[in-house]
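Peer 1: Quick one, structure for this:
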Amino acid sequence: QYNNIVMYDYELSLAYDMTAEEQEIFLDDCGDNVDKSLFIYRGTADVQSNGLTKSVTLTATDARDVTPFVDLHNGADRVQYPKAGEAVINCNLARLMGIGIGDELKITTADMETLKVTVSGIFDNYVENLVYISLDTCREQWGYAPEIKSALLLAPDDKDVNDCATAIAKVDGVRTMQLSADARDRIGHMMDSLIFVVSMIILCAGLLAFIVLYNLTNINISERIREIATIKVLGFYPNEAAAYVFRENLVLTGAGALFGLLLGIALHAFVMDAIKVDMMYFRPIISVVSFLLAIALTFVFAIIVNMIILIDKLIRKIILILS
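Peer 2: Numbers count the residues shown, from 1 in each chain. Predicted structure coming up:
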C-alpha cells in the first residue's frame, strides 16, 4: 500500500480554496520543502449500487496523470484516470458491492450533492475505499467545481521528510497534515498483531499434527505386534523391523500432506472470501514457500515422532533387561 500505491509523502487539509493563484502563493511559502504537488478535492461520500451503500473517500482533480502521487494499477495493468462522467474505484469496493467495469454508480457527497458516473476502471488498493473522478464531471452535473482544499505533496529526495513536514505545517492555511510514513507505521502495528495470531494458529496446528502422528504410530504398532514379531522371526534385525513400520508412516505422511494441501487451498479461498472488511482488503496469495514449509514441517514432525517411539522402545527394553 505504501510502497507501490501511495507515493506521496503528505496529505494536507487547507483552509482556503486553492485557485491557481493561491496554489502559487502556497508553494512559494513552502519554499524548497516541496518537490511536487497535486491540489485536489477530497471528501467523504456515499456510493450506491446494486441496492447497497458504502462510505468512501471521494477524490477529484483536473490532472490526467496522478502517477507521481498515486499509482493506479490493477496487477500489472495501468488504470487510466477517469474522464468526464467516469470514475475509477478500488478493488475491495468493487468486490463488496458487486461492481464491474461499465456499471453505473450514484455518488452522494457530504453536502448532499449527487453524481452519476460509469465505472471505467478498478485499481488495487488495500486500505480505505476510494473513488477517483474528474472535476469536469462535477462541472457538467453540478454546473461548478467544488472547492480545492486538499493537497498531496512530495518532499525532495535529499531532505528529511519530518523536517519538511515541520516547515510545511507552519505555512498559512494548513489545517491538518497526515504523513504517509505515520499511516504506514500504524497499519504495520496492526498487521504485527495479526501475524502474531496467525503464528499462534500455526503453532497449535503443528502441535495437533504432532499429537495425531504420535497416537496413530502407537496404534499402528500396537495393532501389528504379531506382524512385527513374525518378520523378526523371519530374520529381520530390530532396525529393519522398525524401518518397516516407520517407512510406511512416512509414505502415509506424504500422502496426507498432499491431500491436506489440496483441502487447504480450498479452505484458504473460503476464509479469504468470508473476510469482507470495509476498510481493508486482503489479497489471497499463497506462495510456493508456504507449500514447501507446510510439507517440510509435516515430515519433521513425523520423523520426530518416529525417533521418540524408537527411544521409548529402547528405554523399555533396557528397563526390562535391568529388571
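Peer 1: List every C-alpha atom in stretch 60-68, with coordinates, as PDB.
Peer 2: Extracted C-alpha coordinates of stretch 60-68, given in PDB (Å, rounded to 0.1, in the frame of the first residue of the first chain):
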ATOM      1  CA  ALA A  60     -11.500  14.900  -7.800                       C
ATOM      2  CA  THR A  61      -8.800  16.700  -9.800                       C
ATOM      3  CA  ASP A  62      -8.200  18.200 -13.200                       C
ATOM      4  CA  ALA A  63      -4.900  16.200 -13.500                       C
ATOM      5  CA  ARG A  64      -4.900  13.500 -16.100                       C
ATOM      6  CA  ASP A  65      -2.000  11.700 -14.600                       C
ATOM      7  CA  VAL A  66      -1.700  11.300 -10.800                       C
ATOM      8  CA  THR A  67       1.100   8.600 -11.100                       C
ATOM      9  CA  PRO A  68       3.700  10.600  -9.100                       C
END
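Peer 1: list the buried ones in that stretch?
Peer 2: Along stretch 60-68, these residues count as buried under the neighbour rule (16 or more other CB atoms under 10 Å): 60-61, 66. In short, each C-beta sits where N, CA and C put it, glycine included.
Peer 1: If I follow the layout properly, residue 224 ends up in contact with residue 248?
Peer 2: No. With contact defined as CB atoms under 8 Å, residue 224 does not reach residue 248; the gap is 9.7 Å.
Peer 1: Which residue is the nearest non-sequential neighbour of residue 265?
Peer 2: Using CB to CB, 6 or more residues apart in numbering and skipping residues adjacent in sequence, the residue nearest residue 265 is residue 286, 6.9 Å away.
Peer 1: So the one you found sits against residue 269, correct?
Peer 2: No. Applying CB under 8 Å, one finds residue 286 not in contact with residue 269, separated by 9.3 Å.
Peer 1: Could you tell me how far the residue nearest the centre of the chain is located from residue 113?
Peer 2: The residue lying closest to the centre of the chain (CA atoms, centre = their mean) is residue 282, at 3.7 Å. Separation of residue 282 from residue 113 (CB to CB, to the nearest Å) stands at 33 Å.
Peer 1: Next: residue 85.
Peer 2: 16 Å.
Peer 1: same for the one helix or strand residue 229 maps to, what does it pack against?
Peer 2: Taking DSSP states H and E as the definition, one finds residue 229 inside helix 225-233. Judged by 3 or more CB pairs under 8 Å, 6 or more residues apart in numbering; DSSP states H and E, helix 225-233 is in contact with helix 238-274.
Peer 1: Show me what counts as buried in the helix it packs on.
Peer 2: Applying 16+ other CB under 10 Å to helix 238-274 flags 241-242, 245-246, 249, 253, 256-257 as buried.
Peer 1: where are the low-confidence patches of this structure?
Peer 2: For the chain, the stretches flagged by pLDDT under 70 are 238, 323.
Peer 1: any chance you could map the strands in it?
Peer 2: 10-14, 36-49, 52-61, 73-74, 77-78, 86-90, 104-109, 114-123, 130-134, 150-154, 174-179 (DSSP state E).
Peer 1: Give me the neighbour count for the closest residue to residue 172 other than its chain neighbours.
Peer 2: Leaving aside its sequence neighbours, residue 172 sits nearest to residue 29 (CB to CB, 6+ apart; 6.6 Å). Neighbours of residue 29 under the rule other CB atoms under 10 Å: 16.
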